[in-house]
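Participant: Give me a model of this one.
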Amino acid sequence: MRHGREDEAEADPTPASLLKFGQRNILYIGFVALSVPLGMALDGPRPPGTLSHGGIAFALALCGVVSAIFFVLNAGLVVIDLAKGRRIAKALIGCALPLVFGFGAVVARRMMM
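Facilitator: Numbers count the residues shown, from 1 in each chain. From the prediction side, this is the model:
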């Protein structure tokens, strides 16, 4: 039972911009952002003079696999949403995110070399 005036709308705690962007896309960005600290944590402390990039390599490989799955999932959602006549903006953003992060990783690697 609602109390108060009838013409008042319930306050939605989620901003409209987040609803347009999509929860799945926000979670993907969070995963990618946390993959580098995960890789650094997996490397752990090393004696001085040793190089071991196993943790970072694992984190990047995991990020690549998740990005490929995320891209394929969103491409399928684009096709399904087009067939059903629904909006495809969230799924298109989801298709673009792995490509943007992949391109960004290649550019960052080229700049470091």
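Participant: so what pLDDT did the most centrally placed residue in the chain get?
Facilitator: By CA atoms, centre = their mean, the mean C-alpha position of the chain lies nearest to Y28, the distance being 1.9 Å. Predicted confidence (pLDDT) for Y28: 92.
Participant: Now the helix or strand where it lies: buried residues?
Facilitator: Taking DSSP states H and E as the criterion, Y28 maps to helix 23-43. For helix 23-43, a neighbour-count test (16 or more other CB atoms under 10 Å) marks R24, N25, Y28, V32, S35, L38, G39, D43 as buried. Where C-beta positions appear, they are placed from N, C-alpha and C, glycine not excepted.
Participant: Where is pLDDT lowest across these?
Facilitator: Ranked by pLDDT, these bottom out at D43, which has 76.
Participant: who's in contact with that residue?
Facilitator: D43 sits next to S52, H53, G54, G55, I56 when contact means CB atoms under 8 Å, 6 or more residues apart in numbering.
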